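J.: sequence first, predicted coordinates after that:
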Amino acid sequence: MKELSLNILDITMNSVKAGADKINISLFETEETLQIEIKDNGCGMKEDFVKNVTDPFTTTRTTRKVGLGIPFFKLAAEQTGGSLNIVSKHESDFPDLHGTVITALFYKNHFDFTPLGDIISTLVTLLQGAPEIEWLFVHKTPAGEVLLDTAELRSVLGDIPLNTPDVLLWIRESLEEQYGEIKAGSSL
């Protein structure tokens with residue numbers, strides 16, 4: 001994929017399909033690294049599936065026999081000298097505490113580093129497609145932090161759905177403003 005934000009979109013859609021109602025997307029950025037963590041409370045994966053999930057021919061898809069999201073994410077990280085780690089607890093083994101955490105580390109100075117891309121559009125797309133989920137997005141950089149917490153938004157909006165066009169526009173503008181403040185005080 002040409003942008004890491006598209007990998008994030010793909011992997012979080014797996015979380016949605018796994019029945020998650022809470023999904024956290026965390027980006028921790030330094031001058032040298034970018035760590036992306038996607039955490040959900042979906043049904044999780046069994047241990048034998050986790051061992052093979054980075055193989056493109058291991059997939060839960062029924063429409064095709066190839067799953068490329070996680071393998072491409074792993075490749076993108078490893079091409080920079082980074083890594084990918086997956087921890088998952090399946091609901092059959094952990095009925096009260098199940099879900100998946102995928103963590104990828106990228107070295108930004110490597111010539112194979114894939115840019116983050118349009119993370120704002122990715123977030124708006126996720127909210128538009130799955131407004132019922134509790135989303136928590138945080139992007140911490142040396143210059144500041146960007147935050148989107150749908151639990152906070154719901155407390156203000158009440159019964160107004162997150163995928164209402166005016167709400168999505170406000171969310172986009174809020175994220176753009178937060179990123180603008182970071183860029184104004186950053187060398188990133």
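T.: Great, that's in hand. Numbers count the residues shown, from 1 in each chain.
J.: can I get the least confident helix or strand in the chain by mean pLDDT in PDB, CA atoms only?
T.: Sorted by mean pLDDT, DSSP states H and E, the helices and strands of the chain end with helix 47-52, the least confident at a mean of 78. Output for helix 47-52, consisting of C-alpha atoms alone and laid out as PDB, is shown next (Å, rounded to 0.1, in the frame of the first residue of the first chain):
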ATOM      1  CA  GLU A  47      -3.100 -19.100  18.900                       C
ATOM      2  CA  ASP A  48      -2.500 -21.200  15.800                       C
ATOM      3  CA  PHE A  49      -4.100 -18.600  13.500                       C
ATOM      4  CA  VAL A  50      -2.000 -15.800  15.000                       C
ATOM      5  CA  LYS A  51       1.100 -17.800  14.200                       C
ATOM      6  CA  ASN A  52       0.200 -17.900  10.500                       C
END
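J.: what residues does the residue nearest to Leu97 when sequence neighbours are not counted make contact with?
T.: Using CB to CB, 6 or more residues apart in numbering and skipping the chain neighbours, the partner closest in space to Leu97 is Lys89 (6.4 Å). Where C-beta positions appear, they are placed from N, C-alpha and C, glycine not excepted. Counting by CB atoms under 8 Å, 6 or more residues apart in numbering, Lys89 makes contact with Gly44, Leu97, His98, Gly99, Thr100.
J.: and Ile25, that one's in a helix?
T.: No - under DSSP: H, G, I helix; E, B strand; the rest coil, Ile25 falls outside any helix and is assigned strand.
J.: residues near Ile86, how many?
T.: Number of residues near Ile86 (other CB atoms under 10 Å) recorded here: 19.
J.: swap in the one 4 residues further on?
T.: As a burial measure, the neighbour count of His90 was computed by other CB under 10 Å and equals 18.
J.: tell me the secondary structure at the residue lying closest to it once chain neighbours are set aside.
T.: For His90, ignoring the flanking residues on the chain, the nearest one in space by CB to CB, 6+ apart is Gly44 at 4.1 Å. Local secondary structure at Gly44 is given as coil here, using three-state DSSP.
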